[in-house]
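S.K.: Coordinates only, no sequence provided:
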């Protein structure tokens, strides 16, 4: 088998893996093992960043009190009295340093890596928005201070993690017009 054949086989497996990942919105309360959280966070640190600046940081929140505080603040911004983290016991906060011109893109790539790594470990994940607004509020800034985070960071998103409650969702059919060949 040539190197190209080997890479093609691996590429097909990776593409199938990407196609099968879904956002999960129902979690068991069981805590994810610390070593698995560390591996997922490590995958996030290997996301591509503009000029290799590595502007994002990842904060793993497993403390229920902090998690619930983040949930309440995020729900307040959303304007609904529900848990925006869908019961997930782990919240990975992705922040990116505003001094980098590509910080939003860098943080977005980190979020993608985190979700794919969670899928690789058989966990559910979902990108939860409103992190930008959350950490611009006085209470959000206080949470960051309590966590020892200093600097000019913007909230990019929350990657929630946990064991899936219920059935794994099916992929919706892809819509036409997503790609063009010229």
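M.R.: Thanks, I have it. Because the structure is a prediction, the values reported are computed rather than measured.

S.K.: all helices of this protein, in order?
M.R.: Taking DSSP state H as the criterion, the chain carries its helices at 3-20, 34-45, 64-78, 103-120, 131-134, 138-146.

S.K.: quick one: which of the ones you listed is nearest residue 56?
M.R.: helix 103-120 (4.5 Å; C-beta to C-beta). C-beta here means a position set from N, CA and C on the backbone, and glycine is covered the same way.

S.K.: residues contacting the residue positioned nearest the centre of the chain?
M.R.: Nearest to the geometric centre of the chain sits residue 159, at 2.9 Å (C-alpha atoms, centre = their mean). Shown in contact with residue 159 (C-beta atoms under 8 Å, 6 or more residues apart in numbering): 44, 91, 92, 94, 111, 114, 115, 118, 125, 126, 127, 128.

S.K.: Tell me, how many residues neighbour the spatially closest residue to the fifth one that is not a sequence neighbour?
M.R.: The spatial neighbour of residue 111 that comes closest, neighbours along the chain excluded (C-beta to C-beta, 6 or more residues apart in numbering), is residue 157 at 5.0 Å. Taking other C-beta atoms under 10 Å as the criterion, the count of residues near residue 157 is 23.
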